[in-house]
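> Give me the fold of what follows.
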Amino acid sequence: MAESKLERYIRRNMQVPEDIQKRHLEVKNPVLGLVSDQSLGSKNFSLSWWPISEPFEMVSETHAHDFDQFLIFVGGDMKSMPDLGGEVELTLGESEDALEKFVFTTATVVYVPAGMMHCPLNFKKVNNPAKPILFHDLFFAGEYKRKET
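Presented below is the predicted three-dimensional model:
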């Protein structure tokens with residue numbers, strides 16, 4: 001069977017580059033993701049899925065980016081994905097003087113517009129390592145860079 005001309009819109013066998021996987025050695029299970037390139041028609045996004053099976057602080061420094069970002073937290077129990085199966089703390093603020101800490105225990109999506117201060121990101125509790133917190137990071141840039149403050 002001939003390959004479809006639409007195949008160019010499909011990326012199979014997603015894997016993040018090894019250097020990204022090694023950023024957080026606390027994450028024991030494989031990380032999935034895609035660092036965008038022109039092969040899918042866009043080079044302005046990146047995404048990754050991290051199975052968090054034990055508590056740790058993923059990012060300690062408050063920072064901002066020049067791009068929009070979505071941080072998505074979902075429970076790893078396939079029968080109850082809205083239940084996060086643990087506790088996550090994330091700090092957000094429109095400036096360093098106006099930071100607020102938020103705590104999530106249910107499935108949550110956080111929109112971080114370009115320029116918004118965010119982090120620390122702390123996975124405080126994981127109820128069952130066999131049902132990890134699934135953390136999805138999606139941002140709209142070809143390369144992850146923190147904004148100079």
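> only C-alpha atoms for contact and neighbour calcs from this point on.
Will do.
> Tell me the spacing between residue 94 and residue 100.
Distance, residue 94 to residue 100, using Cα to Cα, to the nearest Å: 9 Å.
> Count the residues that sit near residue 119.
By other Cα atoms under 10 Å, the residues close to residue 119 number 21.
> elements contacting the helix or strand harbouring it?
In this assignment (DSSP states H and E), residue 119 forms part of strand 117-126. For strand 117-126, the elements it packs on are strand 56-59, strand 83-93, judged by 3 or more Cα pairs under 8 Å, 6 or more residues apart in numbering; DSSP states H and E.
> residues contacting residue 77?
83, 85, 131, 132 (Cα atoms under 8 Å, 6 or more residues apart in numbering).
> so how far is residue 134 from it?
Note on residue 77: its distance to residue 134, by Cα to Cα, is 10 Å.
> Over to residue 123?
Counting by Cα to Cα, the gap from residue 123 to residue 134 is 11 Å.
> which neighbours do the two share?
Here residue 123 and residue 134 have residue 52 as joint contacts, going by Cα under 8 Å, 6+ apart.
> From the chain's centroid, how far away is the next helix or strand after the strand holding residue 119?
Counting by DSSP H and E, the next helix or strand C-terminal to strand 117-126 is strand 133-139. Here strand 133-139 shows a centroid-to-chain-centroid distance of 3 Å under the convention Cα atoms, centre = their mean, to the nearest Å.
> do the same with stretch 90-107
The answer for stretch 90-107 is 16 Å, by Cα atoms, centre = their mean.
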